[in-house]
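> make a model of this:
(chains A and B)
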There are 2 protein chains.
Amino acid sequence: MTDRTKIFYPVEADLLLLTENLKQLVPARHPILYAAAEHLFGAEGKGVRPAIVLLVSRTTMPNQDITQRHRKLAEITEMIHTASLVHDDVVDSSEVRRGIPTVHSRFGNRIAVLAGDFLFAQSSWYLASLDNLEVVKLLSEVIMDLAEGEIRQGLNRFDTSLSIEAYLEKSYYKTASLIANSCKAAAVLSEVSPEIAENLYQYGRHLGLAFQVVDDILDFTGSTKTLGKPAGSDLCSGNLTAPVLYALEEKPYLEAMISQEFTQSEDLEKAVAVIKESNGIKRSQELAAYHASSAIDCLASLPPSDSRQALRDLADYVLIRIY
Amino acid sequence: MTDRTKIFYPVEADLLLLTENLKQLVPARHPILYAAAEHLFGAEGKGVRPAIVLLVSRTTMPNQDITQRHRKLAEITEMIHTASLVHDDVVDSSEVRRGIPTVHSRFGNRIAVLAGDFLFAQSSWYLASLDNLEVVKLLSEVIMDLAEGEIRQGLNRFDTSLSIEAYLEKSYYKTASLIANSCKAAAVLSEVSPEIAENLYQYGRHLGLAFQVVDDILDFTGSTKTLGKPAGSDLCSGNLTAPVLYALEEKPYLEAMISQEFTQSEDLEKAVAVIKESNGIKRSQELAAYHASSAIDCLASLPPSDSRQALRDLADYVLIRIY
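This next block holds a predicted model:
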C-alpha cells in the first residue's frame, strides 16, 4: 500500500465532509479572511492530521458510527495546525510553503496575524463546545506546545551544541504533540480505557516524530520542485535537524561552517554536501524508522479493522518518501 | 472617590500577588520573551481588568475568602488582554502604546507574534485547568470576539456610513466582551444564581462600552502627553468612533474630508477641529454616561459591601476622565 489516497480510504467520505465544513468556517462577510481561508484549506498536502483523528475515531468505535464530536475534533486539529503554520510563516518570514505563496506573502503580515488569531480563537471555542474537559485540556496543551516549539527553534538557531534529545523534544512540541494529543482526544471521545488512550497517544507521538525526522531528511535529499523550496533551507535559517546533528558528530569541522551562518550562498552548498556525504542521512533514516515501527507497536492492543490497518500503513508510508 | 488606587483598595493585596504571579509566567530560559513579559506586565495603566474580576469575586463571596480559581481567572483576563494588545500592535503597526514603545517596535514582529501566541496559548491552558466548562466557554468566546472585533475594525476603516450600533457592536467585541464575560465567569466560580451571573455580565458589558467610548472621546480631547500618541490617531487610521459618527450627522461635509484618508497632515487637523466644534463630543459623553449608569444599575441585586461600592465607584470614575 503506497498511495496516500488508498491509505485514507476508510475515512474518504469523512474527509470530504470535513473539507466542506472547514471552508464554511470563515463567513463570507470577511472577504480577505475568506480568501485566506480558501487559500489555506484548499491547499494540497493537507488533511493528514484530521485523517489520523478520523481513523483513530473509527478504530476505537468498531461497532458504531463515529459521533459529531469526533468529526469536530478532526476539524479542530486542522484549524490549530493551519493557524500555527500561518503564524510560523510570519515569524520565519517565509515566502512559500510547499510551493504555494504563504498568507503572509500574499496578504501581508496584518492579515496573516489576524487569520491565525481567528483560527486559534475559533478552535478554542469549538473545543469548549465539545463539552469534554479532558479533551479541552489535551488540545490546550497542544496550543501551548506549538508556541513553546517555535520559541525553542528560535532560541537554538545555529546552536551546534544542540543534542539529539533536545532536537526531538523541540520536534515533539512543534509536530508530534498535536498528533499525539488529538489521537488521545479521539480515543477519550470514544470512551476507551485509559490504557488504550495512552497507547494511541504514544502512537501519535512516535508517528509525529517520524514525520518530522522524514521532513528534516527531505530538506537535504529532496529536490526544489518536490520541496517547494531550495534544499538546505532549514540549515540556512539555523534550524539544525537530525541529519546535521549526526553529521556534526562525525565531521566536527562542520561546526565552523555553520557558525558563519551562511552569509555566502556557496557556504550553504558546501555544508549540504558535507552532510550528504556523512552518515547523517542514514542515521536519520534509522531514527525515523525506529519511531515509525514504535508507532505500529502501539496499535497491537486494538481490534483489527480497516481503520487500524490504515494507521499501520500510514506509519510505513511516512518512510517511503525517504527510501 | 476619584483616585484609582483608592477604588481598588478592597483588592489591593490581591493585585500585588497577581502582578508577582504574572511576572513569573514566562520562564527565564526564554530571555527575549522574558524581557517582553517584564515589559508587558510591568507597564503602567495595567490591572483594571483583573481588578474588576477580583472585585466581582469578593462581591459574590461576601462571607468567605475568594478561591485560587478566582485569582487564576483574574490572571487569565490580563493574559488575554495583553496577548490581544501585542497582536493589535503588529496588525496596526503601532510604535507606541500609552507612551511606551510596543513589543513589536522594540523586539520586532517575530517576537511580538510569538509572545502573543504564547500568552493566548498559556491562557487557554490555564483556563482548562480551572476545571469549569462554563468558564472555559465564556472565555473562549472572548478570544473569538477579540479577533472578530479587530477584523471588523479593519473592514470598516474610513467607512463613513458606519452606524452607531455597528460601532457599539465592534466596541463590544474589542473591549466589552472580555470584561462582561470575565465578570460573569467570576460569578459562576462563586456559584451564584443565573440571574446574578447575568446581572454581572451586563455590568461588565456596560462598563466596557463606557470605557471604550471614553477612550474614543479622549482621542480628540486628550493631549499628546496624556494619550502617549497624537490626538486624532484613531481617525487618522480610519477607525471612526462615536465623536466622528455623531459629528457626521451634524456636518455632512466631514464625509468628504474623511474619504481623502488624511494623506496631508493638515487635513487631519481640520477634521479634528470640525469634530471638536460639533456636538459629537457632548453626545459621546452622554453615551458614555448612559452606559456607566446602566452598569451601576446592574449591581442593585448584590449585597452591599466595600467591593460592590468599588464596582460602583469604578463606573463613576470612568467618566471623570472626560469631564
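> what does chain A put close to chain B?
A:30-31, A:33, A:87, A:90-91, A:93, A:109-110, A:113-114, A:116-118, A:120-122, A:124-125, A:127-129, A:131, A:133, A:136-137, A:140-141, A:143-144, A:146-148, A:150-151, A:154-155 (Cβ under 8 Å from any Cβ of the partner chain). (C-beta placed from N, C-alpha, C; glycine too.)
> put the buried members of these into a ChimeraX selection.
Filtering those down to the buried ones (16 or more other Cβ atoms under 10 Å in any protein chain shown) takes a single ChimeraX command:
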select /A:30,33,87,90,91,109,110,113,114,116,117,118,120,121,122,124,125,127,128,129,133,136,137,140,141,143,144,146,147,148,150,151,154
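> what about the residues of chain A next to chain B, which are in strands?
Applying DSSP state E to the residues of chain A next to chain B, no entry is found in strands.
> what about the residues of chain A next to chain B, which are in helices?
A:31, A:33, A:87, A:90-91, A:109-110, A:113-114, A:116-118, A:120-122, A:124-125, A:127-129, A:133, A:136-137, A:140-141, A:143-144, A:146-148, A:150-151, A:154-155 (DSSP state H).
> which residues touch the residue in the stretch 151-300 of chain A that chain B sits nearest to?
Closest residue of the stretch 151-300 of chain A to chain B, Cβ to the nearest Cβ: A:Ile151 (5.7 Å). Contact analysis of A:Ile151 by Cβ atoms under 8 Å, 6 or more residues apart in numbering or on different chains lists B:His30, B:Leu33, B:Leu114, B:Phe118.
> do the same with A:Thr60
A:Ala186, A:Ala187, A:Ser190, A:Val192, A:Ile196, A:Leu200, A:Leu302.
> assumed the fourth one was part of a helix.
I take that to be A:Val192. No - under DSSP: H, G, I helix; E, B strand; the rest coil, A:Val192 falls outside any helix and is assigned coil.
> just read off the phi/psi values of it.
Backbone torsions of A:Val192, given as degrees, to the nearest 10, read phi -80, psi 180.
> name the nearest residue to it, ignoring sequence neighbours.
Sequence neighbours aside, A:Thr60 is the residue nearest to A:Val192 in space, at 5.1 Å (criterion: Cβ to Cβ, 6 or more residues apart in numbering or on different chains).
> distance of the one you found from chain B?
A:Thr60 sits at a distance of 22 Å from chain B (criterion: Cβ to the nearest Cβ, to the nearest Å).
> and the gap between that residue and A:Leu189?
8 Å (Cβ to Cβ, to the nearest Å).
> buried sites along stretch A:3-23?
Buried, per 16+ other Cβ under 10 Å, within stretch A:3-23: A:Ile7, A:Phe8, A:Pro10, A:Val11, A:Asp14, A:Leu15, A:Leu18, A:Thr19, A:Leu22.
> got it, and stretch A:94-103?
So stretch A:94-103, judged by 16+ other Cβ under 10 Å, has buried residues A:Ser94, A:Arg97, A:Ile100, A:Thr102, A:Val103.
> for the residues you listed, which one is nearest chain B?
The closest of the buried residues of stretch A:94-103, once distances to chain B are taken by Cβ to the nearest Cβ, is A:Ser94, at 11.8 Å.
> where does the residue nearest to that closest one when sequence neighbours are not counted fall, phi/psi-wise?
Leaving aside its sequence neighbours, A:Ser94 sits nearest to A:Thr102 (Cβ to Cβ, 6+ apart; 5.3 Å). Dihedral angles of A:Thr102 (phi, psi; degrees, to the nearest 10) stand at phi -70, psi 160.
> next up, the contacts around A:Thr102.
A:Val86, A:Asp89, A:Ser94, A:Glu95, A:Val96, A:Ala112.
> follow-up on the earlier one: of the contacts of A:Thr60 - the most surrounded one?
Highest neighbour count within these: A:Ala186, with 31 neighbours (other Cβ atoms under 10 Å in any protein chain shown).
> so what's in contact with A:Thr60 and A:Leu189 at the same time?
With Cβ under 8 Å, 6+ apart as the test, A:Thr60 and A:Leu189 reach no residue in common.
> where in chain A is the helix or strand with the lowest mean pLDDT?
Here the helix or strand of chain A ranked lowest by mean pLDDT, DSSP states H and E is helix A:31-42, holding a mean of 69.
> pretty sure A:Arg71 is in contact with A:Asp14, am I right?
Yes - checked against Cβ atoms under 8 Å, the pair A:Arg71 and A:Asp14 is within contact range at 6.9 Å.
> who touches both of these two?
A:Leu54.
> if we can go back for a sec, looking at the contacts of A:Ile151, spot the one nearest A:Asp306.
B:Phe118 (40.5 Å; Cβ to Cβ).
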